[in-house]
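Student: Fold the following.
(one chain, ligands or ions: 1)
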Amino acid sequence: MTSADKIRAALAHVTDPEIRRPITELDMVGDISVDGGVASVVIKLTIVGCPAADRIERDVRTAVEAVYGVSQAEIALTVMTPDERRSLTSRLQGGRRAMPFTPESLTRVIAVTSGKGGVGKSTLTANLAVAMTQLGLKVGLIDADVFGFSIPGLLGIPTAKPTRVGDMILPPIAYGVKTISIGMFVEGSTAVSWRGPMLHRTIEQFLTDVYFGDLDVLLLDLPPGTGDVAITIGQLLPHAEVLVVTTPQSAAAEVAERSGLVARQTGQTVIGVIENMAGLVAPDGSILDIFGSGGGAEVASRLDVPLLASVPLSIAVRQSGDAGAPVVVADPMDAAATAILGVASAISQRGRGLAGRSLGVSPA
Ligand SMILES: Nc1ncnc2c1ncn2[C@@H]1O[C@H](COP(=O)(O)OP(=O)(O)OP(=O)(O)O)[C@@H](O)[C@H]1O
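Tutor: Residues are numbered from 1 along each chain as shown. You can find the predicted model right below:
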């Protein structure tokens, strides 16, 4: 093996932090030459001003300087030509620009819905996503709550912007979750007041142009109610599984049931109900049922699905949400966190069956 080959082999362990694939596989490694102990390596970044440039340069330097016989690494950062970039994006997108989350795909799609706003749907979705990564799953999260996008803030990346490589969008990663939100495409706190067709196109673009790579689970945080986005998701992802979030209050339970029924009409499968904002445990141990009780069980029974958890009201949940550090990480022993971790584990164990689906493996 020549020194250049050894360096190339070492670079196979350096991954692009946004695409999460080895830079050698992404054709980002250009010429390599070695003169005495000095190795010169050309790295082709995907785009001008690549936000990951510093990190890639650092990782490349460390890898190259660890190769036996190299005392110094000289890294030249250049940028791919438009043709190289097109060939990369086309390869990553599997040669076609189509929605990868088809019924045949091995990725489970789970939409989280609620009847009313403010019941904690986004908080639970963000925490479930992070909890699933803790269980070793590769998780993507689409914040489709176009009018009340709050996922970036809940995951501590309120100002993150996705990187665009040609027509491919690379989702920011927080707590291991690849995350995309409409909030990443609007300035500051601008309100989104779009009509159905525009919402439909945006969700379609999220599902098609965002490069999530291989995922075990794609979670979707839907807006509350049964509006345009829920219908779009029903049309685009009729095989999705649906989690319904409600509070213990009977008024909330009634509307929550409706959102589950609409999901079902589009062919989606409701897999369970999560009751949030259940009894708050007071310092003396007594339980304060601020929002009443029984709503979760009521919705679950009407939809004939299991009540997966009753997540209590918890100061830690609110505080960690405000701080952008999900409670399952910030305070995993909190009662609400353990309830959410329990749901993540229960759902993860139900992996999709493989029957009738193509495994995408070509015969040898
Ligand atoms: N179990 C809980 N204990 C205490 N506070 C909670 C709990 N769940 C959610 N919250 C708080 O309730 C508020 C609403 O939560 P969240 O934004 O997740 O609701 P939502 O259903 O997604 O609302 P919308 O769909 O209208 O955006 C937030 O301030 C959040 O911190």
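
Student: make it CA atoms for all contacts and neighbour counts henceforth
Tutor: Noted.

Student: what residues are up against Val245?
Tutor: By CA atoms under 8 Å, 6 or more residues apart in numbering, the contact set of Val245 is Val112, Thr113, Ser114, Gly115, Val119, Gly120, Lys121, Ala256, Val273, Ile274, Glu275, Asn276.

Student: now it, which residues is it bridged with?
Tutor: Beta-bridge pairing of Val245 under DSSP bridges involves Ser114, Ile274.

Student: And the pLDDT for it?
Tutor: Looking at Val245, its pLDDT reads 94.

Student: how close does it sit to Asp228?
Tutor: Val245 sits at a distance of 19 Å from Asp228 (criterion: CA to CA, to the nearest Å).

Student: Also Val327?
Tutor: 31 Å.

Student: what secondary structure does Arg58 sit in?
Tutor: helix (DSSP: H, G, I helix; E, B strand; the rest coil).

Student: which residues touch Thr62?
Tutor: Contacts of Thr62 by CA under 8 Å, 6+ apart: none found.

Student: Give me the phi and psi for it.
Tutor: Note on Thr62: its backbone torsions stand at phi -60, psi -40 [degrees, to the nearest 10].

Student: in the stretch 1-150 of the chain, which spans are helices?
Tutor: Ranges of helices in the stretch 1-150 of the chain, per DSSP state H, counting those that start in this stretch, are 3-11, 53-65, 82-92, 121-134.

Student: Most tightly packed of these?
Tutor: Greatest average neighbour count among the helices of the stretch 1-150 of the chain goes to helix 121-134 (a mean of 25), per mean count of other CA atoms under 10 Å.

Student: Please see if that one touches the ligand.
Tutor: Yes. Helix 121-134 lies within reach of the ligand by CA under 6 Å from any ligand atom, at Lys121, Ser122, Thr123.

Student: Touching, the second one and Ser150? I think so.
Tutor: Yes. Look at Ser122 against Ser150 with CA atoms under 8 Å: they come within range, at 6.8 Å.

Student: Return the backbone torsion pair for Gly296.
Tutor: Dihedral angles (degrees, to the nearest 10) for Gly296: phi -60, psi -50.

Student: roughly how far apart are it and the ligand?
Tutor: 13 Å (CA to the nearest ligand atom, to the nearest Å).

Student: in stretch 294-314, what's buried?
Tutor: By neighbour count with 16 or more other CA atoms under 10 Å, stretch 294-314 contains the buried residues 294-300, 303, 305-314.

Student: List the residues that contact the residue lying closest to Thr246 once chain neighbours are set aside.
Tutor: Nearest non-adjacent residue to Thr246, counting by CA to CA, 6 or more residues apart in numbering: Glu275, 5.1 Å away. Going by CA under 8 Å, 6+ apart, Glu275 touches Val245, Thr246, Thr247, Pro248, Gly295, Gly296, Ala297, Leu307, Leu308, Ala309, Ser310, Val311.

Student: In strands, which of these fall?
Tutor: Counted as lying in strands by DSSP state E, out of the contacts of Glu275, are Val245, Thr246, Leu307, Leu308, Ala309, Ser310, Val311.

Student: Need the pLDDT of the fourth one.
Tutor: Put plainly, it is Leu308. So, for Leu308, pLDDT stands at 94.

Student: just checking, it touches Ile274?
Tutor: Yes. Using CA under 8 Å, Leu308 is in contact with Ile274, at 5.5 Å.

Student: so Leu218 sits in a helix?
Tutor: No. Counting by three-state DSSP, Leu218 falls outside a helix, being strand.

Student: Relative to Asp83, how far out is it?
Tutor: For Leu218 relative to Asp83 (CA to CA), the value is 31 Å.

Student: List the buried residues for the helix or strand containing Met198?
Tutor: Using DSSP states H and E, Met198 maps to helix 196-209. Residues of helix 196-209 classed as buried: Leu199, His200, Thr202, Ile203, Glu204, Phe206, Leu207, Thr208, Asp209 (neighbour count, 16+ other CA under 10 Å).

Student: And stretch 238-247, by the same measure?
Tutor: For stretch 238-247, by 16+ other CA under 10 Å, it's Pro238, His239, Ala240, Glu241, Val242, Leu243, Val244, Val245, Thr246, Thr247.

Student: And for stretch 35-45?
Tutor: By neighbour count on 16+ other CA under 10 Å, the buried set for stretch 35-45 is Val38, Ala39, Ser40, Val41, Val42, Ile43, Lys44, Leu45.

Student: count of neighbours near Glu187?
Tutor: 9 (other CA atoms under 10 Å).

Student: what helices or strands is the helix or strand containing Ala339 leaning on?
Tutor: Here Ala339 sits within helix 335-349, counting by DSSP H and E. Counting contacts by 3 or more CA pairs under 8 Å, 6 or more residues apart in numbering; DSSP states H and E, helix 335-349 packs against helix 121-134, strand 307-312, helix 327-330.

Student: Pipe the ones you listed into a markdown table and attach distance to Thr338 per row.
Tutor: Converted to a markdown table, these look like this (distance: least, CA to CA, whole Å):
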| stretch | distance to Thr338 |
| --- | --- |
| helix 121-134 | 10 |
| strand 307-312 | 9 |
| helix 327-330 | 7 |
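
Student: Flag every residue of the stretch 101-250 of the chain that's near the ligand.
Tutor: Neighbours of the ligand within the stretch 101-250 of the chain, by CA under 6 Å from any ligand atom: Gly117, Gly118, Val119, Gly120, Lys121, Ser122, Thr123, Gly148, Pro223, Pro224.

Student: Go ahead and confirm Ala335 touches Pro312.
Tutor: Yes. Using CA under 8 Å, Ala335 and Pro312 qualify as a contacting pair, with a distance of 7.0 Å.
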